[in-house]
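*Asks:* Return a 3D structure for these sequence lines:
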Amino acid sequence: MINKYWVIAVLVSVTALKSYGADNYLPGADSVYAQQKTKLYKTVKVGPEAFFLPPPVDSATLRKQAVDSWFKNYATSSYFKTATELQTINSLFSPINLYQEPDGKNIASLIQMDESFRRANDYRNRILSLNSLACYYSRKADYEKALGYLQQSVALSEAMADKEQLSYLVTAAAVVANKAGKYNDALNMSDYATRLNMNLHRAIPLAEDYLRIAETKSLQQNYSEAETYIIHKALPLFRRMGSKVGKMHSFECLAKVYERQAKYTESKWYYLQALQMADIQNDILSRINLLTELAQLKSSAGDHKLALEDFKLAENLASQNKYLSNLVEIKGGMGETYRQMGDYTAASNVITEYGHLQSNLSFLSK
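*Replies:* All right, here's what the predicted structure looks like:
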């Protein structure tokens, strides 16, 4: 006979097991309960997100990208002014009377003085202050502003007795207008200068006026007229006066006229004639400038190795004679030539040298 207490114990155990299994035991996956229960779980990622490195870029490609980027900025930089431009501006203003030598420290006071002279109708001092302001902004390559000051100075100077000083101002206005891209203004001023110099019987300045007109005509792509002014007007006057400097400038101007037409053979020939004249006069600075221009021409024509030879000759001369601004320009040209040749290592090295020279030049000009 089965003890009733044993029966009760078995029933209690079975009930407990059922209760425990319902809450803690996961039945087979095919059961309805299991399908409902698994909906409560979702897959999660543990740890940081996976990071995939981009494909490696070799140093040569990085160098090429850096060099190309630098020359893109170099070509469009409004700050950059070539050595020859600065030399032209300085020589242009050397015979012009100034109120005082302008620089970044006194420019604000010069503007105030100019306004004071204007209010007082002090024409003589106002002309001098306008000249100083024009000189300052020309050196900064702000040619439109410089031209405005020069035009005011010319208008006031017409009433003065000093026609030679007026001719210098008109000549400066013609050059600055050319650089500002205002070619009609440049031609008008150059024509005015020719009349003044004819009346003053100044043959060499008159011939230089003809060269300036030729330069403007060339920039307007009136190449045949430009050649006429050089060959039939300027050059005969220089020859008559025995001016070797004038002949050198005439050859240089012709070289530029042909270069703008992509007539590289003719252009090279005239650059060589100009170089020969520079050698005869032992004119080191002109030789440096002409070698640099010839090198740039050869580089444009695809003669990169020959261009580098001329650049290096110019570099040696500029270094020996401490023409720092010329060295900056030469280094820029050499770097561009190396880039066109695909020699990005050499181009990168030249860029570094250029940067050091530009920093030194900026420091010295302060």
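
*Asks:* Which phi and psi values does Glu252 adopt?
*Replies:* According to degrees, to the nearest 10, the main-chain angles of Glu252 amount to phi -60, psi -40.

*Asks:* got the contact list for the nearest residue to it once chain neighbours are set aside?
*Replies:* Nearest in space to Glu252, with sequence neighbours left out and distances taken as C-beta to C-beta, 6 or more residues apart in numbering, is Ala274 at 4.4 Å. Any C-beta I mention is one placed from the backbone N, CA and C, and that applies to glycine too. Applying C-beta atoms under 8 Å, 6 or more residues apart in numbering, we find Ala274 in contact with Met248, His249, Phe251, Glu252, Ala255, Ser286, Leu290.

*Asks:* give me the element Ala274 is part of.
*Replies:* With the criterion set as DSSP states H and E, the secondary-structure element containing Ala274 is helix 264-280.

*Asks:* And for Asn125?
*Replies:* helix 123-139.

*Asks:* ditto for Pro236
*Replies:* Counting by DSSP H and E, the secondary-structure element that holds Pro236 is helix 235-241.

*Asks:* Just name whatever secondary elements the strand or helix carrying Lys217 is in contact with.
*Replies:* Taking DSSP H and E as the criterion, the element that holds Lys217 is helix 203-219. For helix 203-219, the contact count by 3 or more C-beta pairs under 8 Å, 6 or more residues apart in numbering; DSSP states H and E identifies helix 163-179, helix 183-199, helix 223-228, helix 235-241, helix 244-260 as packing neighbours.

*Asks:* ok now do Arg126, which residues does it touch?
*Replies:* Arg126 makes contact with Asp114, Phe117, Arg118, Leu156 under the criterion C-beta under 8 Å, 6+ apart.

*Asks:* can we see that at 10 Å?
*Replies:* Neighbouring residues of Arg126 by C-beta atoms under 10 Å, 6 or more residues apart in numbering: Tyr99, Met113, Asp114, Glu115, Ser116, Phe117, Arg118, Arg119, Ala120, Gln152, Ser153, Leu156.

*Asks:* Distance check, Tyr183 against Ser224.
*Replies:* Distance of Tyr183 to Ser224, given as C-beta to C-beta, to the nearest Å: 16 Å.

*Asks:* And the two? Which one has more around it.
*Replies:* Under the criterion of other C-beta atoms under 10 Å, the comparison of Tyr183 against Ser224 puts Tyr183 first, with 16 against 8.

*Asks:* do you know how far that one is from Ser218?
*Replies:* Summarising the geometry, the distance separating Tyr183 from Ser218, computed by C-beta to C-beta, is 10 Å.

*Asks:* Ala172 reaches Ala134, doesn't it?
*Replies:* Yes: using C-beta atoms under 10 Å, Ala172 makes contact with Ala134 at a distance of 7.1 Å.

*Asks:* list residues touching both of these two?
*Replies:* Applying C-beta under 10 Å, 6+ apart, one finds that Ala172 and Ala134 are jointly contacted by Leu92, Phe93, Ile96, Ala146, Leu147, Leu150, Ser153.
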